[in-house]
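Visitor: need a 3D model of the following:
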Amino acid sequence: MSLLKINNLGDLIWKQTFPIEHSGGYVIQTKDGKYAVSGTTSVNRTTVHSQAFLTKLDSQGNILWNKTLEHENTDDRVNSFIETDDGGYVIVGQTEYPEQINPEAFIIKTDSDGNIHWFRTCGQGASSHAWSIAETKDNSYSIFGTRDGFWLIKTDMNGVVQWNKTYNQNLEPPPTQTVAYARSGILTSDGGHVIVGSLSGIKEIAWVVKTDSLRNVQWNKTYGTSNKNVFNHVLQTSDGGYVFSGLSNYKAWIVKTDSKGSIQWNATYDYTLESTGKSIVETENGEYVLVGTSSDGIWLAKITPPVILEFPLWIFPSLLIISILAVFILRNILIQKRIE
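Guide: Residues are numbered from 1 along each chain as shown. Below is the predicted model of the structure:
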C-alpha cells in the first residue's frame, strides 16, 4: 500500500510506502497540515487476524507514528475515519468475532496519538457494516451503513447508540429493486443526511436517500439505466446541490444534481478496463477531482463541469409574449404590403 502526494497538475510530489500487511488505506489531511492514514493490517497471534491501524505522517509524507488498534481476538475491516474536534480520530468498519457468523459494525475512538479511548459495536448482533461517519455539532456521531437496507445510526460522544433507522422497501415511492446496500453518507448543510449506494434485483441501480435532521425521508431517487449502476461517494457542492461518484456499466460515473436530487449533468469516463469512481472533491474554482480504481490500479482525474445555462422563470413567458408580438407585427406588415 502506498500514499501519493500530487500537485494541482497531477504530478507526483512524494510517495510513502507502507508495510505489505497494510491494506485498504484511507487518508485525510489533519488540522495541523499533516496527514493521517487508517486501514486494515494483519496481526499474528495463535492465528492471523486483521485489525485496524492508524498512522500519522508529516507534511512531507514521513511517518511520525503507527499504531495497531488491537482490542480482541477479532477480524476487523476499516471502511472510513475522520479527525474529531478534540484532535483525536474516529474509525468505523465491521468486525467478526470467532463465534459469530455475520460481521457487525464497529466504531473506535482514539486520542490524537492513536491510543484507543473506546471500542463499540453498534449492529446489535445483526449482520451490519459501517461505511462512513460524521461528527455532529454536539460532538456526537452520525454513522452511515448497511443493515437490512440503508442504515443511519446516531450515537452520543461516547459511541453509545441513541437511535438507528433502516431505509428500504417501506419508502414512498418504494424502490423497484429488492436489496439495498449503502456505501457512503454525509451530513448536509440543513442538518439532514444523504445516504448513497445501490439497489439490486434484476439489475443494480444507484440509489440516494435524503432525510431531514429528524431522520424523516425528504426524497429518494434512483439513477442509471444500464445493468450495473452504483454510487460510492457523495459530496455536497458549493451551490447546495450534490455530486455523486461511482460506476455505470463498468465505467467511472459522475452525476451532478440540484438540492432536490434532479440531475443537472452526468458523465462517464472509460479511462481503462472496469473503471469506477471511488471518491470526489470540489476545488476552489468549481472543478472536481475524481479518484478511482480499475483493473490497472489507481487513477486520478481533474474534471471541468459543463456550462449550465439557467434563466429566471420570468424570461419564458416574456419570450412567449415577444414571439406573439413579433408574429402579429410581421402579419400586419405583410397585409399592408398586399394592400399597397
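
Visitor: over to the residue nearest in space to the middle of the chain: give its phi and psi.
Guide: In the chain, the centroid-proximal residue (Cα atoms, centre = their mean) is H233; its distance is 2.4 Å. Note on H233: backbone dihedrals following degrees, to the nearest 10 are phi -150, psi 150.

Visitor: so where is the stretch 151-300 of the chain shaky, pLDDT-wise?
Guide: 169-178, 271-274 (pLDDT under 70).

Visitor: scratch that, the stretch 1-150 of the chain is what I was asking about
Guide: In the stretch 1-150 of the chain, residues with pLDDT under 70: 44-48, 125.

Visitor: one more time with 50, if that's ok
Guide: Within the stretch 1-150 of the chain, no range satisfies pLDDT under 50.

Visitor: my guess is the residue nearest to the centre of the chain contacts Y242, does it?
Guide: No. Counting by Cβ atoms under 8 Å, H233 stays clear of Y242, with 10.6 Å between them. For the C-beta atoms, the positions are set from N, CA and C on the backbone; glycine is no exception.

Visitor: hmm, back to that, residues contacting the residue nearest to the centre of the chain?
Guide: Contacts for H233 (Cβ atoms under 8 Å, 6 or more residues apart in numbering) come out as 183-184, 196, 244-246, 277-280.

Visitor: next: F18.
Guide: By Cβ under 8 Å, 6+ apart, the neighbours of F18 are 1-3, 25, 37, 55.

Visitor: of the contacts of H233, which belong to strands?
Guide: Among the contacts of H233, DSSP state E puts 183-184, 196, 244-246, 277-280 in strands.

Visitor: which of the helices or strands spans K165?
Guide: K165 belongs to strand 161-167 when assigned by DSSP states H and E.

Visitor: elements contacting that strand?
Guide: If you count contacts as 3 or more Cβ pairs under 8 Å, 6 or more residues apart in numbering; DSSP states H and E, strand 161-167 packs onto strand 150-155.

Visitor: the strand it packs on - contacts with which helices or strands?
Guide: Strand 150-155 packs on strand 141-146, strand 161-167, strand 179-187, strand 193-200, strand 204-211, going by 3+ Cβ pairs under 8 Å, 6+ apart.

Visitor: what does it rub up against?
Guide: The contact list for strand 150-155 (Cβ under 8 Å, 6+ apart) reads 105, 107, 120, 122, 128, 130, 136, 140-145, 161-168, 180, 182, 185, 193, 195, 197, 207, 209, 211, 215.

Visitor: quick one: I195 and L187 touch, right?
Guide: No. If you go by Cβ under 8 Å, I195 and L187 don't touch, sitting 11.0 Å apart.

Visitor: which residue of the two possesses the greater neighbour count?
Guide: I195 (28 against 18; other Cβ atoms under 10 Å).

Visitor: name the nearest residue to K67, ignoring sequence neighbours.
Guide: Among residues not flanking K67 along the chain, G114 sits closest, at 3.7 Å (Cβ to Cβ, 6 or more residues apart in numbering).

Visitor: neighbours of the one you found, how many?
Guide: By other Cβ under 10 Å, the burial measure for G114, its neighbour count, is 20.

Visitor: go on, the one 3 residues further on?
Guide: Around H117 sit 14 other residues, with neighbours defined as other Cβ under 10 Å.

Visitor: then T55?
Guide: 24.

Visitor: try I116
Guide: 16.

Visitor: test my guess that it contacts L69.
Guide: Yes. Under the criterion of Cβ under 8 Å, I116 makes contact with L69 at 5.8 Å.

Visitor: for S128, list the residues it contacts.
Guide: Residues in contact with S128 (Cβ under 8 Å, 6+ apart) are 94, 102-105, 122, 145-147, 151.

Visitor: let's see 10 Å
Guide: 94, 102-106, 121-122, 143, 145-148, 151, 153, 164, 166 (Cβ atoms under 10 Å, 6 or more residues apart in numbering).

Visitor: distance of it from G39?
Guide: Distance, S128 to G39, using Cβ to Cβ, to the nearest Å: 20 Å.

Visitor: between the contacts of H233, which is closest to Q60?
Guide: Proximity of those to Q60 (Cβ to Cβ) peaks at S279, which lies at 22.8 Å.
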